[in-house]
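**Student:** Generate coordinates for the sequence data below:
(one chain, ligands or ions: 1)
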Amino acid sequence: MDLQHWLREAARSHEEWAAGFGPYEPHPALAVDDTAFAEAFGEFTERLKDNYPFFHPRYAGQMLKPPHPAAVVGYTAAMLINPNNHALDGGPATAAMEREVVGRLAAMFGYGTHLGHLTTSGTIANLEALFVARELHPGRGVAYSAEAHYTHGRMCGVLGVQGHAVPVDARGRMDLTALEELLRTGRIGTVVLTAGTTGLGAVDPVHEALELRERYGVRLHVDAAYGGFFTLLAGADGAEGLPAAPWRAIAGCDSVVVDPHKHGLQPYGCGAVLFADPEVGRFYLHDSPYTYFTSAELHLGEISLECSRPGAAAAALWLTFELLPPTPDGLGRVLGAGRRAALRWASLIESSAVLELYQPPELDIVGYFPVTEPAALSAVDTASERILRQGMTEDDPVYVSTLRASAAAFTARHPKVAADADGARVLRSVLMKPESEHRVAELHARLERLAAPH
Ligand SMILES: *Cc1c(COP(=O)(O)O)cnc(C)c1O
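**Tutor:** Below you'll find the model as predicted:
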């Protein structure tokens, strides 16, 4: 699709709609001179160049990529109206779109019933899930894995509940034996399972945790902010297929969070929280004197801790899902390409003399490190840092990221590397752009050159 054409169409269709309400005089207080604008815009676009090329396959670093053009056009078209999905009277069209996209997300996870909404982030989405968890299990704590996103510990502090970090296995997945020990104390009300850790994409054994839910009377919340859309590859044929069990088990959990602004092709400002039991809406009840006069239904503003929220975010996701729906044949193909890229790169690294795989990728995140002499954490750390810097500054740049591994985590995977420090940075590449699939050989060759002994 031609972005420039459709952006013009977005502006045109807005003008056409606006014209239907009759002419009015724009206020001179808002008038901006075109020459002044051109000057400011020139400086502005110059300043924007101080950025990394997230769009380009040579960028294989953090979880960053531009939104799909359909999302850009959808967002822009709706933003020209600027609806507020706080309440139905803030924009009926985008409120309806939000319900529809949330319904599609619920269907993707196999939720029969659901209550949910978009949020501005995974952080807020998780906060809402933990807030509801606290209301249902007052006085009991929340358990999450030591590799879970740091937001869980922080939000437990915000909510005034005790957070407990549960040890992980040698692949970064929650150790359920350790979890069960903790559950036996009766102090835990909610377990957070991560379906795709932010660091390395490790998937907690959600399916094995399901039986603990009944045995210990705990809530299960799944943080799939990063990994949620990988549900579309669960049980798929081909190399990119993922073991189905943990993903299917999400349907049996109490709540789930997914970030369309990570793997749903959206601009930032789009997370989502879903609850299996719509009854939890009662915890949000409040009485605003300002809004909620157009419907007897529960308004989106009544089931969200956030008040103002961009209707444009719902619009962008709706338009994207019309074209690339959250189905195996839609968005699943996008994720499949990144997954294949990660597998291909991992196998190249496994046969490399200068790079070593940190652990096999479960999703589309590859962790690896330079082979050093001596084989020791301090040397790995120094070399990883050098490769990160040098990769960005040389000709033919390549952009990777680093991840800090503790000495225990590192030596659990690579016992032959001497633990002469309390940890080491390793290299990490998130291959979330489908274009990465056809770039793996170059990326690998580039990294091998950077890692070669000097
Ligand atoms: C990104 C992420 C979060 C935080 O979400 P934001 O959208 O960055 O606020 C929480 N949990 C996991 C697993 C994530 O990957």
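**Student:** okay, CA-based contacts and neighbour counts for the rest of this
**Tutor:** Noted.
**Student:** Quick check: which helices or strands does the helix or strand containing residue 317 pack against?
**Tutor:** Element membership of residue 317, judged by DSSP states H and E, is helix 311-323. Helix 311-323 is packed against helix 69-79, helix 92-109, with contacts defined by 3 or more Cα pairs under 8 Å, 6 or more residues apart in numbering; DSSP states H and E.
**Student:** Give the buried residues for the next helix or strand after it.
**Tutor:** Sequence-wise, the next helix or strand beyond helix 311-323 is helix 331-350, with elements assigned using DSSP H and E. Within helix 331-350, the residues scored as buried using 16 or more other Cα atoms under 10 Å are 331-346, 348-350.
**Student:** neighbouring contacts of the one helix or strand residue 366 maps to?
**Tutor:** In this assignment (DSSP H and E), residue 366 forms part of strand 365-370. Residues from elsewhere that reach strand 365-370 (Cα atoms under 8 Å, 6 or more residues apart in numbering): 200-201, 342, 345-346, 349, 354-361, 380, 383-384, 426-431, 451.
**Student:** Quick one: mean pLDDT over stretch 71-80.
**Tutor:** What stretch 71-80 shows for mean pLDDT is 98.
**Student:** Can you give me the buried ones in it?
**Tutor:** Result for stretch 71-80 [16+ other Cα under 10 Å]: buried residues 71, 72, 73, 74, 75, 76, 77, 78, 79.
**Student:** And for stretch 13-21?
**Tutor:** residue 14.
**Student:** Now that stretch - C-alpha only, CSV.
**Tutor:** The C-alpha trace of stretch 13-21 is given here as CSV (Å, rounded to 0.1, in the frame of the first residue of the first chain):
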residue,chain,number,x,y,z
SER,A,13,-12.1,11.9,4.1
HIS,A,14,-11.8,13.8,7.4
GLU,A,15,-12.3,17.1,5.5
GLU,A,16,-15.3,15.7,3.7
TRP,A,17,-16.9,14.5,6.9
ALA,A,18,-16.2,17.8,8.7
ALA,A,19,-17.6,19.8,5.8
GLY,A,20,-21.0,18.2,6.4
PHE,A,21,-21.4,20.3,9.5
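**Student:** what's the distance between that stretch and the middle of its chain?
**Tutor:** Relative to the chain's own centre, stretch 13-21 is displaced by 36 Å; criterion: Cα atoms, centre = their mean, to the nearest Å.
**Student:** likewise stretch 146-165?
**Tutor:** Worked out by Cα atoms, centre = their mean, stretch 146-165 lies 18 Å from the chain centre.
**Student:** Now do that stretch, average pLDDT.
**Tutor:** Averaged over stretch 146-165, pLDDT sits at 98.
**Student:** buried ones in it?
**Tutor:** So for stretch 146-165, counting by 16+ other Cα under 10 Å, buried means 146-149, 152-153, 155-156, 161-165.
**Student:** In CSV, list those residues along with distance to the ligand and secondary structure.
**Tutor:** Putting the buried residues of stretch 146-165 into CSV (distance: Cα to the nearest ligand atom, whole Å; DSSP: H, G, I helix; E, B strand; the rest coil) gives the following:
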residue, distance to the ligand, secondary structure
146, 12, coil
147, 9, coil
148, 6, coil
149, 5, coil
152, 8, helix
153, 11, helix
155, 11, helix
156, 13, helix
161, 18, coil
162, 18, coil
163, 15, strand
164, 16, strand
165, 14, strand
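**Student:** Greatest separation within those: which pair is it?
**Tutor:** 147 and 161 (19.2 Å; Cα to Cα).
**Student:** so where do the strands sit in the stretch 151-300 of the chain?
**Tutor:** Under the criterion DSSP state E, counting those that start in this stretch, the stretch 151-300 of the chain contains strands at 163-166, 188-194, 219-223, 255-258, 271-275.
**Student:** Check those strands for me and report the most buried one.
**Tutor:** strand 255-258 (a mean of 30; mean count of other Cα atoms under 10 Å).
**Student:** just how off-centre is that one within its chain?
**Tutor:** Remark: strand 255-258 is offset 11 Å from the chain centroid, using Cα atoms, centre = their mean.
**Student:** and for it, what are the contacting residues?
**Tutor:** Counting by Cα under 8 Å, 6+ apart, 122, 125-126, 129, 220-229, 250, 271-276 sit against strand 255-258.
**Student:** Return only those of those found close to the ligand.
**Tutor:** 122, 223, 224, 225, 226 (Cα under 6 Å from any ligand atom).
**Student:** The second one is in contact with residue 191, isn't it?
**Tutor:** Okay, so that is residue 223. No - contact criterion Cα atoms under 8 Å: residue 223 and residue 191 do not qualify, at 10.2 Å.
**Student:** how close does residue 68 get to residue 365?
**Tutor:** 21 Å (Cα to Cα, to the nearest Å).
**Student:** Those two: which is more packed in?
**Tutor:** residue 365 (30 against 18; other Cα atoms under 10 Å).
**Student:** For the more buried one, which non-adjacent residue is spatially closest?
**Tutor:** What sits nearest to residue 365 in space, not counting adjacent residues and going by Cα to Cα, 6 or more residues apart in numbering, is residue 430, at 4.4 Å.
**Student:** Retrieve the pLDDT associated with that neighbour.
**Tutor:** 98.
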